[in-house]
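Engineer: turn this into a structure:
(one chain, ligands or ions: 2)
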Amino acid sequence: MKLNVTLIQRVSVGFILTWLIYQIYTTITRTDGQVDLTPWLAPIVWEGTFNPKLIDSIYKQQNITVAMTVFALGKYTVFLQDFLESAEQHFFVGFRVHYYVFTDHPEKVPDVKLGGERKLILMTVNSSSRWQEMSLGRMKRLEMLIESGLVNDADYLFSLDVDTKFYGRWGAETLGDLIGVIHAWYYSSPCVLFPYERRPESQAFIPYSEGDYYYGGAVLGGSVKCVYQLAKSCREQLDIDAAKSIEAAWQEESHLNKYFLYNKPSKLLSPEYSWDDQKTKPREIKIIRFSQVLKNYAEVRPNT
Ligand SMILES: CC(=O)N[C@H]1[C@@H](OP(=O)(O)OP(=O)(O)OC[C@H]2O[C@@H](n3ccc(=O)[nH]c3=O)[C@H](O)[C@@H]2O)O[C@H](CO)[C@H](O)[C@@H]1O
Ligand SMILES: [Mn+2]
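Structural biologist: Residues are numbered from 1 along each chain as shown. Ligands and ions are numbered 1, 2, ... in the order given. Predicted structure coming up:
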């Protein structure tokens, strides 16, 4: 009898100790660089800050359509298969999704089997000779796509890099008026180290005294109306720079950062939504949902 009580006591102490260690561990990892709200009270979406089933059911009721644009010009068509197949597994599963694939090589677009209520619209465009133009030309093409009325049936629109892969859920938690993603390489850096455009001659110029986050150019999104305003404004600023023969440090990513500085995103996606396969996963990142795949720059880009 005495032995039994001791056993129960030991098990209880063991349980309490394990629970305590777990609480301390989660508190440390939770505060380690993870903030859930911006200073303007926009949510930052991290694993553990939302209930996936609940949030999906809210937007399911609204019967929404999500459009996504992706550009695969020149040799970047090689990324399409993995991109689309992984999107089918993780991107708005169970929702109506319309992919707009922009390419100069329509014959190289793989035939990926899509789920019900999901379709792919092929947008054939002219080739460019410089990768920088293919990357920054996305703003103009996004603006024109929305002006054409083709995406009028969509409620939300995302534009994503193609040299990427989905590894985890990307669902209704990412919806909002204006969406930006925190860049995986700068989420814990001080503002002055952000690679904003620092030359005052560029429209993308941000002085060292300003800035709050460094946003990645690989992800932008929001309501169709807000994405239109963003794309139009960035395209206008890119045109002004081009007329002065200035190319911002990180092309449209620099202009996107300038836009977000004065037009704050209503929701920010944590770096879970734009990781980089080159970067090992630190402890505070619980899940990688979308990531840049490794690429041989010399092989896939037409110029350096
Ligand atoms: C993780 C991240 O934030 N990436 C950004 C970054 O580097 P990246 O090295 O990721 O740029 P990148 O080479 O992926 O180019 C951006 C995108 O442009 C398209 N493309 C580019 C070249 C080409 O030959 N064909 C083609 O289709 C394609 O959709 C690609 O995903 O800086 C770029 C601009 O300098 C963009 O802002 C990227 O979004
Ligand atoms: Mn990329």
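
Engineer: now the residue nearest to the spatial centre of the chain, nearest residue through space, not along the chain?
Structural biologist: Of all residues in the chain, the one closest to the mean position by CA atoms, centre = their mean is Val219, 3.3 Å from it. Distances taken as CB to CB, 6 or more residues apart in numbering place Val181 nearest to Val219, at 4.0 Å, with adjacent residues excluded. All C-beta atoms are positioned from the backbone trio N, CA, C, and that covers glycine.

Engineer: surely the one you found and Tyr214 touch.
Structural biologist: No - under the contact definition of CB atoms under 8 Å, Val181 does not touch Tyr214, with a separation of 10.2 Å.

Engineer: which of these two has more neighbours?
Structural biologist: Counting neighbours by other CB atoms under 10 Å for Val181 and for Tyr214 shows that Val181 has the greater number, 27 against 22.

Engineer: contact partners for that one?
Structural biologist: Residues in contact with Val181 (CB atoms under 8 Å, 6 or more residues apart in numbering) are 215-216, 218-220, 268-271, 273-274.

Engineer: sort out which one of these lies nearest Leu80 for me.
Structural biologist: Among the contacts of Val181, Ala218 lies closest to Leu80 (CB to CB), at 15.4 Å.

Engineer: quick check: that closest one is in a strand.
Structural biologist: Yes - inclusion of Ala218 in a strand is indicated when DSSP: H, G, I helix; E, B strand; the rest coil is applied.

Engineer: so what pLDDT did the residue nearest to it when sequence neighbours are not counted get?
Structural biologist: Across the structure, with CB to CB, 6+ apart as the measure, the residue nearest Ala218 apart from its sequence neighbours is Asp161 (3.7 Å). As summarised for this prediction, Asp161 has a pLDDT of 98.

Engineer: before we move on, what about Met134?
Structural biologist: In this prediction, Met134 has a pLDDT value of 86.

Engineer: the one 3 residues further on too?
Structural biologist: You'll see Gly137 listed with a pLDDT of 93.

Engineer: re earlier: quick check, the residue nearest to Val219 in a helix?
Structural biologist: No - following the definition three-state DSSP, Val181 is strand and is not counted among the residues of a helix.

Engineer: quick check, the residue in the stretch 151-300 of the chain closest to ligand 1?
Structural biologist: Of all residues in the stretch 151-300 of the chain, Gly217 sits closest to ligand 1, with a separation of 2.2 Å (CB to the nearest ligand atom).

Engineer: check contacts around that residue.
Structural biologist: Each residue near Gly217 by CB under 8 Å, 6+ apart is listed here: 135, 161, 250-253, 256.

Engineer: excluding residues flanking it in the chain, which one is nearest it?
Structural biologist: Gly217 sits nearest to Glu253 (CB to CB, 6+ apart), 3.0 Å away.

Engineer: cool, and Ser159?
Structural biologist: By the measure of CB to CB, 6+ apart, the closest residue to Ser159 outside its immediate chain neighbours is Thr69, 4.6 Å from it.

Engineer: now do the contacts for that neighbour.
Structural biologist: Residues in contact with Thr69, defined by CB under 8 Å, 6+ apart, are 99-100, 102, 138, 141-142, 145, 157-160.
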